[in-house]
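K.L.:
Starting from these lines, generate the structure:
(one chain, ligands or ions: 2)
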Amino acid sequence: MRTDLYQGHDYYNMDDLLTDEHKLIRDTARAWVKKEVSPIIEEAFEKGAFPRHLIKGIAEIGGFGPYIPTEYGGAGLDQISYGLIMQELERCDSGLRSTSSVQSSLVMYPIWKYGTEEQKQKFLPKLAAGEMVGCFGLTEPDHGSNPGGMTTNFKDAGDHYLLNGAKLWISNAPFADVAVVWAKNEEGRIHGIIVERGMEGFSTPTMHGKWSLRASDTGELVFEDVKVPKENLLPGRSGLGAPLSCLDSARYGIAWGAIGAGLDCYDTALRYAKERKQFGRPIAGFQLQQKKLAEMITEITKAQLLTLRLGQLRNEGRATSAQISMAKRNNVNMALEIAREARQILGGMGITNEYPIMRHMMNLESVVTYEGTHDIHLLITGLDITGENAFT
Ligand code: TGC
Ligand code: FAD
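P.N.:
Ligands and ions are numbered 1, 2, ... in the order given. Have a look, this model is predicted:
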């Protein structure tokens, strides 16, 4: 079993900008990850299964609904605390962060924002405590970047709705107790509906064969004339903007998470470069390796500053969707580039599971695609600065 030697890196004294509570939350998450997850993550990744016994621990560090008010079982924390928890989880593995951010931002957030008081009381405390797991169904086999084209639909059938269709690539689906599903009504308007495991006609087949995010379970959601009680409709908002607003919260968490993955690769490569000797001296002394390491910490520091500022704007309710897109796109790409460079610094050892780098690299290939691809986020920035829509 590999010892987790990770140390945080704070080149611009960012900690001075955090409160004591922020640092406590971050350090608690880091300590839990080191003790409970680092020793088993490589095995989970190889097995291709999320270690479900971790659910309780994620709940205990505030990883389910960090910013959901305490009256609903959440931790009542601010957006920077949420980000720091995502950073620490993804420092270990993107799949671990996925499990947490889907539950928080894609399941609890829409219930909290758009649900009835009864829905909030019924679902949020159990989701926060990890007694219930949720998933989010937006993507379909033929509608990924263009979710507005979805064909999953529901019809009014008197005292219930009849739901039909299918969702693909759904994180946590194989073991989720509830799914927040986005579907069109008879007028073609998009609504969120809570579908519960056990409803007749609802199944969640597991997707196999992933070379990425292997420690996160991914599946389909299949609806064949599922009778959904009318009280399971989220009444607070309809239209594509409703699911996209949830994505804003999740993408923000990913921006922090990606910094964690980048930090872990940098930390590993720096330590290795200082220890590994070739031609009679540590490879850290060679200019070419220093260039890689210096550029890594530069990019990490830029991402840290960008993301902390975004967190301040989120706390003030002023962050725009386009600002979130920029941070998600920049930070995931930054982490992916760092993983590739760090892999080279480790030479042959870089491809083994003795070190986390190759696992991060493979995971980040999903992260750069889900929650809006690298290209889609560029087009969001393009639209924001020019006013011209280049999507269609
Ligand atoms: P468009 O016409 O631009 O917008 C439709 C309506 O939505 C509003 N809107 C937003 N509202 C809130 N937040 C945002 N970020 C919003 N972006 C747009 C917009 O104002 C409009 O409102 P209204 O009132 O005028 O109707 O829509 P479009 O069809 O042209 O699409 C725009 C586009 C391409 C940017 C959007 O569809 C998009 O973001 N596509 C990417 C899809 C995506 O990110 N899917 C993610 C699925 S979930 C996932 O990947 C989970 S992975 C989880 C994990 O494991 O961590
Ligand atoms: P496509 O939309 O088919 O895109 C293919 C390529 O075309 C991309 O490079 C894209 O950038 C490009 N492209 C598309 N449109 C344009 C355009 N207008 N201009 C230029 N280029 C364009 N979804 C959920 O709903 N819930 C989940 O929990 C979830 N979890 C996921 C977990 C994993 C591991 C993965 C891989 C995906 C997950 N997704 C989830 C789905 C994810 O959001 C989609 O994969 C993503 O939105 C992209 O859709 P797509 O794969 O269909 O690619």
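K.L.:
Need the residues that contact stretch 197-205.
P.N.:
163, 170, 173-174, 176-179, 195-196, 219-228 (Cβ atoms under 8 Å, 6 or more residues apart in numbering). Just so you know, the C-beta spots here come from the backbone N, C-alpha and C atoms, and that holds for glycine as well.
K.L.:
Show me what the helix or strand encompassing residue 375 packs onto, helices and strands only.
P.N.:
Assigning secondary structure by DSSP states H and E places residue 375 in helix 374-386. If you count contacts as 3 or more Cβ pairs under 8 Å, 6 or more residues apart in numbering; DSSP states H and E, helix 374-386 packs onto helix 321-345.
K.L.:
returning to that earlier point: just the CA atoms of the helix holding residue 375, as CSV, please.
P.N.:
Provided in CSV are the C-alpha atoms of helix 374-386 (Å, rounded to 0.1, in the frame of the first residue of the first chain):
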residue,chain,number,x,y,z
HIS,A,374,-13.7,22.1,-23.7
ASP,A,375,-15.1,23.3,-27.0
ILE,A,376,-18.5,24.2,-25.7
HIS,A,377,-17.1,26.3,-22.9
LEU,A,378,-14.9,28.2,-25.4
LEU,A,379,-18.0,28.9,-27.4
ILE,A,380,-19.8,30.2,-24.3
THR,A,381,-16.9,32.6,-23.8
GLY,A,382,-17.1,33.5,-27.5
LEU,A,383,-20.8,34.2,-27.3
ASP,A,384,-20.3,36.3,-24.1
ILE,A,385,-17.6,38.5,-25.5
THR,A,386,-19.0,38.9,-29.1
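K.L.:
per-residue confidence at the closest residue to residue 127 other than its chain neighbours?
P.N.:
Spatial nearest neighbour of residue 127, excluding adjacent residues (Cβ to Cβ, 6 or more residues apart in numbering): residue 108 at 5.2 Å. With respect to pLDDT, residue 108 has a value of 98.
K.L.:
Which of the three states applies to residue 108?
P.N.:
The assignment at residue 108 comes out as helix when based on DSSP: H, G, I helix; E, B strand; the rest coil.
K.L.:
How about this structure: which residue is closest to ligand 2?
P.N.:
When scored by Cβ to the nearest ligand atom, the chain has residue 144 as its residue closest to ligand 2, at 1.8 Å.
K.L.:
show me what contacts the nearest residue to that residue once chain neighbours are set aside?
P.N.:
Of all residues not flanking residue 144 in the chain, residue 169 sits nearest, at 7.7 Å (Cβ to Cβ, 6+ apart). Going by Cβ under 8 Å, 6+ apart, residue 169 touches 139, 144, 207, 218, 370.
K.L.:
mind pulling up the phi and psi values for residue 169?
P.N.:
Here is the backbone geometry of residue 169 (degrees, to the nearest 10): phi 70, psi 50.
K.L.:
re the thing from before, so what's the residue count around the residue nearest to residue 127?
P.N.:
Neighbourhood size, residue 108 [other Cβ atoms under 10 Å]: 29.
K.L.:
which residues does it contact?
P.N.:
Taking Cβ under 8 Å, 6+ apart as the test, what residue 108 contacts is 64, 65, 68, 74, 123, 124, 127, 128, 134.
K.L.:
Please report phi then psi for the second one.
P.N.:
Here is the backbone geometry of residue 65 (degrees, to the nearest 10): phi 70, psi 50.
K.L.:
Pretty sure it sits against residue 73.
P.N.:
Yes. Using Cβ atoms under 8 Å, residue 65 is in contact with residue 73, at 7.0 Å.
K.L.:
Looking at the two, which has the bigger crowd around it?
P.N.:
Neighbour totals were compared for residue 65 and residue 73, and residue 65 leads with 30 against 22 (other Cβ under 10 Å).
K.L.:
okay, the residue sitting furthest away from the middle of the chain: pLDDT?
P.N.:
In terms of distance from the mean C-alpha position of the chain, residue 280 ranks first, at 43.0 Å (Cα atoms, centre = their mean). Residue 280 carries a pLDDT score of 98 in this model.
K.L.:
what's the distance between it and residue 290?
P.N.:
From residue 280 across to residue 290, the span is 17 Å (Cβ to Cβ, to the nearest Å).
K.L.:
Next: residue 121.
P.N.:
Distance, residue 121 to residue 290, by Cβ to Cβ: 57 Å.
K.L.:
do the same with residue 169
P.N.:
In this view, residue 169 and residue 290 are 40 Å apart by Cβ to Cβ.
K.L.:
With residue 337 instead?
P.N.:
For residue 337, the distance to residue 290 - Cβ to Cβ - is 17 Å.
K.L.:
Who has more neighbours out of these two?
P.N.:
Taking other Cβ under 10 Å, residue 337 and residue 290 do not tie; residue 337 has more neighbours (16 against 13).
K.L.:
Could you report the pLDDT at the more buried one?
P.N.:
At residue 337, the pLDDT recorded in the model is 98.
K.L.:
Going forward, count from 44.
P.N.:
New numbering, starting at 44: the last item is residue 380.
K.L.:
if I pick the closest residue to it other than its chain neighbours, what's in contact with it?
P.N.:
In this structure, residue 380 finds its nearest non-sequential neighbour in residue 342, 7.3 Å apart by Cβ to Cβ, 6+ apart. Applying Cβ under 8 Å, 6+ apart, we find residue 342 in contact with 305, 377, 380, 381.
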